[in-house]
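**Student:** I'd like to go over a predicted model; first the sequence, then the structure.
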Amino acid sequence: MQETTTTISIPDPLVDPIAFIGHFWLQILQLVILLLLYFILTRVLRRSLRAMGVGPEASSGIVLISRLILFAAIVAVIMAFFSPSFAAILSVSTLFGTAIGLAFSQALGNIVSGLYVFAARPFRVGDYVKIGDVEGIVREITLNYTEVLLPDETTQLVPNGKVVTSEVTNYRIEMSDFVERSEELESGADSSVERSMRRALYRLKDMTGYDEAYRYTFELTFHMNFDHQNLRITFENVCKNWTTKFLTTPNYIVWAAPNACVVYRFSFIVASPMDIIKYGSEFKDDLLQVYWKGT
């Protein structure tokens with residue numbers, strides 16, 4: 001017995017548009033929903049990014065990627081209206097598009113990393129940060145790179161791929177959290193760390209008007225041959241002289257003692273990240289005067 005195959009003819013939209021709509025009603029519904037999402041989502045996304053303080057260049061890039069994703073979904077739905085041969089041609093062209101995309105994999109990787117930076121928000125524009133061996137004030141965050149103003153007042157573009165793979169230190173602190181940690185230390189034993197934090201607490205309690213600040217830290221290493229007792233007296237005097245420049249009296253702790261050396265970690269708190277650039281180098285120079293002169 002010979003088998004017979006039946007083919008379902010697709011109604012001509014020009015001859016019988018109602019039958020055509022009835023045949024593709026599900027695809028048409030999906031297309032309408034995707035079009036609505038296309039217009040609504042892009043507007044909501046742009047407003048949300050603006051409210052988050054994202055720059056215009058970065059927000060335009062994120063909106064563009066969202067539009068491309070929705071556009072690809074719309075194309076996939078439209079393909080259902082055409083013959084399989086058209087779908088095969090489109091699949092071949094997609095393979096070529098994938099090959100081109102692989103050629104730009106590094107740029108695409110930076111874009112993906114940029115999306116991660118926007119989502120995780122390890123820092124924001126205006127923060128003083130250290131990304132790997134690069135430190136300075138964040139001037140702009142885009143999908144491809146993060147622009148950093150260096151202490152020598154030059155700018156450097158850090159690829160977002162490096163931001164994701166490097167150690168990131170953000171020197172911005174919440175004043176309320178800092179005071180709370182200081183009060184917890186105040187009730188403990190009388191160690192050098194707690195004494196330093198307590199000195200900062202006394203000044204912080206008198207401060208008003210600052211919800212956030214920047215606590216910058218750096219290290220100085222001195223050989224054991226130095227007179228460290230005299231060295232610490234010098235550090236104390238220098239820190240007291242800089243009390244009026246910073247929000248609190250700078251402090252220091254013994255951080256490590258590797259290979260016959262002692263590492264001191266210093267910290268100071270300022271209201272603006274530009275104060276780190278303005279005063280940081282001069283403060284270090286005062287501390288190092290004891291090194292230039294010798295002890």
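**Tutor:** Cool, the structure landed.

**Student:** domain ranges for this structure?
**Tutor:** 17-103, 122-170, 173-293 (automatic domain parsing).

**Student:** end to end, how far does the second one reach?
**Tutor:** Put plainly, it is domain 122-170. Its first and final residues considered, domain 122-170 spans 7 Å by CA to CA, to the nearest Å.

**Student:** report the mean confidence score over it.
**Tutor:** Average pLDDT, domain 122-170: 91.

**Student:** with stretch 241-261 instead?
**Tutor:** 88.

**Student:** stretch 221-229 too?
**Tutor:** Mean predicted confidence for stretch 221-229 is 87.

**Student:** show me the helices in the protein, by range?
**Tutor:** 17-23, 25-51, 56-79, 84-103, 105-120, 160-165, 175-186, 192-206, 228-241, 273-293 (DSSP state H).

**Student:** partner strands of the top strand by length along the chain, with direction?
**Tutor:** Assignment by DSSP state E gives strand 212-223 as the longest strand of the chain. Looking at strand 212-223 with DSSP bridges, its partner strands are strand 172-174 (antiparallel), strand 261-270 (antiparallel).

**Student:** just want the angle from the last one to helix 228-241.
**Tutor:** What it means is strand 261-270. Angle, strand 261-270 to helix 228-241, by axes from the mean of the first three to the mean of the last three CA atoms, to 10 degrees: 10 degrees.

**Student:** quick one: terminal-to-terminal distance for stretch 150-161?
**Tutor:** Calculated as CA to CA, the first-to-last residue distance of stretch 150-161 is 19 Å.

**Student:** in it, which residues are buried?
**Tutor:** 158-161 (16 or more other CB atoms under 10 Å). C-beta here means a position set from N, CA and C on the backbone, and glycine is covered the same way.

**Student:** go on, stretch 29-37?
**Tutor:** 30-31, 34.

**Student:** mind putting the residues you listed in TSV, pLDDT and distance to Ile173 included?
**Tutor:** Formatted as TSV, the buried residues of stretch 29-37 follow (pLDDT from 0 to 100; distance: CB to CB, whole Å):
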residue	pLDDT	distance to Ile173
Gln30	71	49
Leu31	72	51
Leu34	74	45
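
**Student:** and those residues, which is closest to Ile69?
**Tutor:** Leu34 (10.4 Å; CB to CB).
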